[in-house]
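**Student:** below are the sequence and a predicted model; questions follow.
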Amino acid sequence: MARSENQASFPAYRPRRLRTQPTIRDMVRENTLTPMDLIWPVFVMDGQDAAQPISSMPGISRHTIDRLPALAAQAHGLGIPCICIFPYTNPGLKTQDCAEAWNPDNLSNRAIRTIKAATPEIIVMTDIALDPYNINGHDGIVRGGKILNDETVEALVKMGESQAQVGANILGPSDMMDGRIAAIRSILEKKGFSDVSILSYSAKYASGFYGPFRDAVGATSALTGDKNTYQMDPANSDEAMRMIARDLSEGADMVMIKPGMPYLDICRRAKTEFQVPTFAYQVSGEYAMLKAAAQNGWLNEEQVMLESLIAFKRAGCDGVLTYFAPQAAEVLLSKI
Ligand code: PBG
């Protein structure tokens, strides 16, 4: 907003008056970050009572399912409302048709059931895309070197239905196929899951910042080629608005922009143009960047963590998916 016509000029107007001490800064602060704004992405793997650190994401591990109740309790205790599950699928279960994606007992579905049984208050979000189950590492079914749209949507519908059946609260289609939101919404309505919501990864860019995530879910070595025929060109902004409008018209309840920090302009534009619940994903590469610099002593970790997260609120987001979720929540609670 421009300076008001009624605003005095210097020396009557001294903006530093409102920065003189912490309490007055607290009073005039425009945006706040609380644990309620955070969605915690958690990687799960097979096995028992184990955690496996992900080297490109310092501080983050894959967890076995028996450890999830403790993580859910931790989230609940910290006031984090939502956990998002990402599976590290055994390479032997990856196929061309990605059938493991809708196996009612796949890793992700077992994780959802476990969290909902342990801590029903925790909202469980899922990822809908075929990459953890695909022998090609792509989000869609590949034939003759092409990512097939309509066949993939049929698979995504089965995947979404299986997640709803085991108790997922929010489905997160991250695949960028056309027509998937309408198809998933329609099966949910038909099968009695009208309260299951969809947070669409509407504006998902073909980004280099997903590298560490692909290590975490074991998709790096599987991936052949790139995702440029379905994920968006980082040069585009109008297109993101078209994707959001399209997904809302097909029944998305909430939308996401991904990655986060390099796309804050898209977050602001989305909130201004649509006024719907808007989330950003502070992706693995953003997390890795900040962690690596902090580990080298080049940045103050706590300060840049909180600064990077409040930026999403300032840009208009209602919340953010972040690997910092428990760490940030702890710091935020300690400051109250
Ligand atoms: C899968 C998916 C990806 C991420 C979330 N869901 C990777 C990709 O599209 O290649 C990235 C998350 C992150 O980097 O933290 N469709």
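**Tutor:** Cool, the structure landed.

**Student:** tell me, how many neighbours does the closest residue to Gln52 other than its chain neighbours end up with?
**Tutor:** In this structure, Gln52 finds its nearest non-sequential neighbour in Arg62, 4.7 Å apart by Cβ to Cβ, 6 or more residues apart in numbering. (C-beta placed from N, C-alpha, C; glycine too.) A count of neighbours around Arg62, defined by other Cβ atoms under 10 Å, yields 22.

**Student:** and if you look at Glu302?
**Tutor:** Using other Cβ under 10 Å, Glu302 is surrounded by 13 other residues.

**Student:** before we move on, what about Leu171?
**Tutor:** Using other Cβ under 10 Å, Leu171 is surrounded by 28 other residues.

**Student:** equivalent analysis for Cys82, please.
**Tutor:** Neighbour count of Cys82, defined by other Cβ under 10 Å: 21.

**Student:** what sits against it?
**Tutor:** The contact partners of Cys82, taken as Cβ atoms under 8 Å, 6 or more residues apart in numbering, are 38-40, 75, 122-125, 169-170.

**Student:** what separation do you get for it and Ile115?
**Tutor:** When distances are taken as Cβ to Cβ, to the nearest Å, Cys82 and Ile115 turn out to be 10 Å apart.

**Student:** residues from the stretch 201-336 of the chain in reach of the ligand?
**Tutor:** Applying Cβ under 6 Å from any ligand atom, we find that the stretch 201-336 of the chain lies next to the ligand at 210, 213-214, 227, 283-284.

**Student:** can you lay out those residues as a markdown table showing distance to Phe312?
**Tutor:** What follows is those, written out as a markdown table (distance: Cβ to Cβ, whole Å):
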| residue | distance to Phe312 |
| --- | --- |
| Tyr210 | 18 |
| Phe213 | 18 |
| Arg214 | 23 |
| Lys227 | 24 |
| Val283 | 12 |
| Ser284 | 16 |
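
**Student:** among the contacts of Cys82, which are in strands?
**Tutor:** Applying DSSP state E to these, the entries found in strands are 38-40, 123-125, 170.

**Student:** still on that earlier bit, save the contacts of Cys82 as TSV, and put in neighbour count too.
**Tutor:** Written out in TSV, the entries for the contacts of Cys82 read as follows (neighbours: other Cβ atoms under 10 Å):
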residue	neighbour count
Leu38	25
Ile39	24
Trp40	25
Ala75	26
Ile122	21
Ile123	18
Val124	24
Met125	24
Asn169	20
Ile170	18
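
**Student:** after the strand or helix carrying Phe312, heading C-terminal, what element do we hit next?
**Tutor:** Phe312 belongs to helix 301-314 when assigned by DSSP states H and E. Following the chain from helix 301-314 toward its C-terminal end, the next helix or strand by DSSP H and E is strand 319-322.

**Student:** paired strands for that next one, with orientation please.
**Tutor:** Listed by DSSP bridges, the sheet partners of strand 319-322 and their directions read strand 38-45 (parallel), strand 278-282 (parallel).

**Student:** so which of those strands comes closest to Leu248?
**Tutor:** Judged by Cβ to Cβ, the one of these that comes nearest to Leu248 is strand 278-282, at 10.9 Å.

**Student:** the stretch 1-150 of the chain: strands as residue ranges?
**Tutor:** Defined through DSSP state E, counting those that start in this stretch, the strands belonging to the stretch 1-150 of the chain, from first to last, are 38-45, 51-53, 61-64, 82-87, 123-125, 141-143, 146-148.

**Student:** save those as a markdown table, and put in distance to Thr322 and mean pLDDT too.
**Tutor:** Shown next, in a markdown table, are the strands of the stretch 1-150 of the chain (distance: least, Cβ to Cβ, whole Å; pLDDT from 0 to 100):
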| stretch | distance to Thr322 | mean pLDDT |
| --- | --- | --- |
| strand 38-45 | 6 | 98 |
| strand 51-53 | 18 | 97 |
| strand 61-64 | 16 | 98 |
| strand 82-87 | 10 | 98 |
| strand 123-125 | 13 | 98 |
| strand 141-143 | 30 | 96 |
| strand 146-148 | 28 | 96 |
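
**Student:** many thanks, have a good one.
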